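Participant: Structure of the sequence below:
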Amino acid sequence: MFAALPAFAQFATPPEPQPLDAIASVSTSAARNASEYRIEGARHLYMRYGPQVFDGKLPPMLYAIAAFRTTIDSRGRVTDLRITRYPAAAHEVVPWIQRMVYAAEPYPPPPRGMKSIVYPEVWLVTADGRFQLHTLSEGQADSDDPVRSPQ
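Facilitator: Numbers count the residues shown, from 1 in each chain. The predicted model follows:
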């Protein structure tokens, strides 16, 4: 029970997103469907939260895994964010992720002709407050593999 307390502080306040450049904030998505848009959405989150992205293979034991379904409107705004899989124990990660997703607006607008787009994403979160998104994940280290130290 007490082992989770130090990690809890990592999720009390989400990090500030990195600023967008003007081109990235107005570019319409080149995706043709939700599967392709998922990659663009993940890249957008990585660009906005670069320092929090875990580089390399994730450790064998993750702090939390949570899945969300995000709806983006024609202006790149999040109109709905639904959790589809709660973490087993680290419930404090859910509002942390939610605040990060909203703070990362605007996203690339959906492809021309689409009023909105809905896509799923799985967040893989470490105890030190870093993450990878399943869409762009580099995988997970085996328990016998040495874990890379934070940079």
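Participant: In this structure A141 contacts M61, no?
Facilitator: No. Applying Cβ atoms under 8 Å, one finds A141 not in contact with M61, separated by 9.9 Å. Quick note: C-beta positions are derived from backbone N, CA and C, even for glycine.
Participant: In terms of neighbours, single out the busier of these two.
Facilitator: Per other Cβ atoms under 10 Å, whichever of A141 and M61 has more neighbours is A141, with 16 against 11.
Participant: Looking at the nearest residue to the more buried one once chain neighbours are set aside now. What's its pLDDT?
Facilitator: Spatial nearest neighbour of A141, chain neighbours left out: K57 (4.3 Å); criterion: Cβ to Cβ, 6 or more residues apart in numbering. Note for K57: predicted pLDDT of 96.
Participant: Check the spacing between the closest residue to A90 other than its chain neighbours and A88 real quick.
Facilitator: Nearest residue to A90, sequence neighbours excluded (Cβ to Cβ, 6+ apart): A64, at 3.8 Å. A64 sits at a distance of 8 Å from A88 (criterion: Cβ to Cβ, to the nearest Å).
Participant: out of these two, which sits in the busier spot?
Facilitator: A count of neighbours by other Cβ under 10 Å puts A64 above the other of A64 and A88, at 23 against 9.
Participant: Quick check: bridge partners of the more buried one?
Facilitator: On the basis of DSSP bridges, A64 is bridged to V125.
Participant: can you offset everything so residue one is 58?
Facilitator: Noted, 58 is the first residue going forward, which turns the last one into A121.
Participant: contacting residues around it?
Facilitator: Counting by Cβ atoms under 8 Å, 6 or more residues apart in numbering, A121 touches 144-147, 150, 180, 182.
Participant: Could you identify the most distant pair in those?
Facilitator: Maximum pairwise distance among the contacts of A121 (Cβ to Cβ): 14.8 Å, between A146 and W180.
Participant: neighbour count winner among these two?
Facilitator: Using other Cβ under 10 Å, the more surrounded residue of A146 and W180 is W180, with 24 against 10.
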